[in-house]
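**Q** sequence and predicted structure are below.
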Amino acid sequence: VDESGPFLTGSDLSLADATIFPTMVFVMTILPKFTPLGETWNPEATVGSKVTRWFERMKSDPAFGKVYDEIRGALDAWEENGRWKTILHAGLRDNDAPTIFDKILDKSAPAKIIAEDDDVLVFEDKFPQAPIHYLLIPKRRELLTQLRFSKPDHCDVLGKLLQKAAEIAMEKKLRGYRIVINDGPEAGQTVYHLHVHLLSGRGLAWPPG
């Protein structure tokens, strides 16, 4: 922003103003919804103080103000229709209680770690049901207390859990193994942070009991 004039490039209105302003309406409306709980949205920290001042000036311009009102009207309709409540990290947030897995993740509870990357942690089950019994968990639960609560946003991490299981099976040269996800108390789930069981080292009957 050129501080010598009210517009982005100085004293004259330019294509830059007309192009960037609609995008900034989205930015200033949507990004605050993704602010972590307990934190306060700070536009100057995100887009800079100069752009923030320019945006506020442009909103008072009759022509740009009309553009602002039209875009905000459409976004406000999302609010009224509950659209934000379906979007992870916007209206859809993980407010469930922490579990023992959170303590394992922050190293305040012990666990024998088998593998770890940016997204997945793998460790031995404390109560093994087979000679090899690993648990694979997403490092960020993000509403994945149970598989039934998964959203399209979770497709990536769900795939990474299975890919990591296959990778470990190859590394350990497992001849056969079973992948299990328990969903709900009737299925035997006891920790409400989605986790994948990898079992091997003994005969695994079918159907599972």
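**A** Okay, I see it.
**Q** where do the helices sit along the protein?
**A** Here the chain has its helices, by DSSP state H, at 15-30, 43-47, 49-59, 62-80, 100-105, 155-171.
**Q** what residues sit buried inside the last one?
**A** Applying a neighbour-count criterion of 16 or more other Cβ atoms under 10 Å, one finds Val157, Leu158, Lys160, Leu161, Lys164, Ala165, Ile168, Ala169 buried in helix 155-171. Any C-beta I mention is one placed from the backbone N, CA and C, and that applies to glycine too.
**Q** same check on the fourth one?
**A** Residues of helix 62-80 classed as buried under the neighbour-count rule (16+ other Cβ under 10 Å) are Phe64, Val67, Tyr68, Ile71, Leu75, Trp78.
**Q** hang on, isn't the fifth one packed against Ile30?
**A** Going back to what we said before, that points to Leu75. Yes - Leu75 lies in contact with Ile30 (Cβ atoms under 8 Å); the separation is 7.4 Å.
**Q** any chance of the helices of the chain in TSV, plus mean pLDDT?
**A** Below are these laid out as TSV (pLDDT from 0 to 100):
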stretch	mean pLDDT
helix 15-30	95
helix 43-47	94
helix 49-59	92
helix 62-80	95
helix 100-105	97
helix 155-171	97
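**Q** rebuild these as TSV, extending it with distance to Val120.
**A** As requested, these are exported to TSV (distance: least, Cβ to Cβ, whole Å):
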stretch	distance to Val120
helix 15-30	29
helix 43-47	30
helix 49-59	37
helix 62-80	33
helix 100-105	11
helix 155-171	5
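**Q** closest one to Gly91 among those?
**A** helix 62-80 (8.8 Å; Cβ to Cβ).
**Q** for the closest one, list the C-alpha coordinates in PDB.
**A** In PDB, the C-alpha atoms belonging to helix 62-80 read as follows (Å, rounded to 0.1, in the frame of the first residue of the first chain):
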ATOM      1  CA  PRO A  62     -20.000   4.200  -2.300                       C
ATOM      2  CA  ALA A  63     -19.000   1.900  -5.200                       C
ATOM      3  CA  PHE A  64     -16.800  -0.400  -3.100                       C
ATOM      4  CA  GLY A  65     -19.300  -0.300  -0.200                       C
ATOM      5  CA  LYS A  66     -21.900  -1.800  -2.600                       C
ATOM      6  CA  VAL A  67     -19.500  -4.600  -3.500                       C
ATOM      7  CA  TYR A  68     -18.800  -5.100   0.200                       C
ATOM      8  CA  ASP A  69     -22.500  -5.300   1.100                       C
ATOM      9  CA  GLU A  70     -23.300  -7.800  -1.700                       C
ATOM     10  CA  ILE A  71     -20.500 -10.200  -0.700                       C
ATOM     11  CA  ARG A  72     -21.200  -9.900   3.000                       C
ATOM     12  CA  GLY A  73     -24.900 -10.500   2.300                       C
ATOM     13  CA  ALA A  74     -24.000 -13.800   0.700                       C
ATOM     14  CA  LEU A  75     -21.700 -14.800   3.500                       C
ATOM     15  CA  ASP A  76     -24.200 -13.800   6.100                       C
ATOM     16  CA  ALA A  77     -26.700 -16.200   4.400                       C
ATOM     17  CA  TRP A  78     -24.200 -18.900   5.100                       C
ATOM     18  CA  GLU A  79     -24.300 -17.900   8.800                       C
ATOM     19  CA  GLU A  80     -28.100 -18.000   8.800                       C
END
